[in-house]
Each structure stands twice: as C-alpha cells, then as structure tokens.
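1. structure for this input, please:
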Amino acid sequence: MRFADVLTTALIQIRANKLRSFFTLQVRRLPINLGLIEDADWLRMQRRPKITTLDADG
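-> Numbers count the residues shown, from 1 in each chain. As a prediction, this is how the structure comes out:
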C-alpha cells in the first residue's frame, strides 16, 4: 500500500468513528491505583455512590 492510501484510510476511519479511537473518557467510581491503599481510604471510596449510565452520559 502507498503511504497516501494508508493515510486516507486512517482519516476516513477517524471520521467514521468520531474520534472514539483517540479520545476515550472513563468515568470511574474507584481510581486506578498502582500502589497500596490505606484502609481508611478504601472505606471512603466504597461509600461513593455507584455510577449509572445516566451519570456517564451526562
């Protein structure tokens, strides 16, 4: 494939998918944590309300 064909196909896909493949937003109840979490912090996070689809769409 030529570079121009690859670029054209990529741009068409980006437009068709409305940039979903590049810009993703995650609404999370709990943070992504790579370290240890203190017990008090874990309990505080567990008290957070669950996220509904209406919350995520807003």
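2. alpha carbons only for contacts and neighbour counts from here, please
-> Will do.
3. which regions of this structure lie under the pLDDT threshold?
-> 18-25, 34, 58 (pLDDT under 70).
4. tell me where it has strands.
-> Under the criterion DSSP state E, the chain carries no strands.
5. which parts of it are helices?
-> 3-16, 39-46, 53-57 (DSSP state H).
6. kindly reformat the ones you listed as a markdown table containing distance to Val27 and mean neighbour count.
-> Listed next are these as a markdown table, based on distance: least, CA to CA, whole Å; neighbours: other CA atoms under 10 Å:
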| stretch | distance to Val27 | mean neighbour count |
| --- | --- | --- |
| helix 3-16 | 23 | 11 |
| helix 39-46 | 14 | 11 |
| helix 53-57 | 6 | 9 |
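7. looking at these, which is nearest to Ile32?
-> helix 39-46 (11.9 Å; CA to CA).
8. how far out from the middle of the chain is the closest one?
-> 23 Å (CA atoms, centre = their mean, to the nearest Å).
9. run through who's touching it.
-> Outside helix 39-46, the residues that touch it by CA atoms under 8 Å, 6 or more residues apart in numbering are 29-30.
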